[in-house]
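1. Build me a structure from this.
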Amino acid sequence: MLAAESRNRRAGELLAQGIAGAEIEPVLGQTAEAVHCVPLLADRARAAGVDAPVLRGLANVIEGKVDPERWTASLTAPRPAAKREKVRAA
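-> Here you go, the predicted structure:
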């Protein structure tokens with residue numbers, strides 16, 4: 001758990017309140033490293049062919065591409081079961 005005084009925790013709380021990622025540092029009055037690092041890490045993961053949907057989603061929230069409530073709801077939404085291929089006996 002992050003300490004209540006953590007800049008990154010506070011940044012996450014501000015994101016959840018609907019504050020845009022670009023506005024977080026001015027509101028905090030200091031740097032929250034995750035605001036810059038998460039989108040960079042998501043880009044690197046994508047470039048490396050790593051599927052990281054939670055990281056990508058958080059980066060989208062920080063960059064203002066996805067509403068925080070919508071993203072949070074997507075984390076707990078039921079996923080459809082994967083389609084199973086029918087295996088034929090030879």
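2. In which helix or strand does Leu55 reside?
-> helix 53-62 (DSSP states H and E).
3. for Glu5, that is, sorry about that
-> Using DSSP H and E, no helix or strand contains Glu5.
4. on that earlier part again, which residues does the helix holding Leu55 contact?
-> Contacts of helix 53-62 with the rest of the structure, by CB atoms under 8 Å, 6 or more residues apart in numbering, involve 15, 21, 35, 38-39, 41-43, 45-46, 66-68, 71, 74-75. For the C-beta atoms, the positions are set from N, CA and C on the backbone; glycine is no exception.
5. Next step: the residues you listed restricted to strands.
-> Of the positions in those, not one sits in strands, assigned by DSSP state E.
6. Any quick ChimeraX command for the buried ones out of these?
-> To isolate the buried subset of the contacts of helix 53-62 in ChimeraX, counting by 16 or more other CB atoms under 10 Å, use the following:
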select :15,21,35,38,39,41,42,66,68,71
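7. biggest separation within the contacts of helix 53-62, which pair?
-> Ala45 and Asp67 (22.2 Å; CB to CB).
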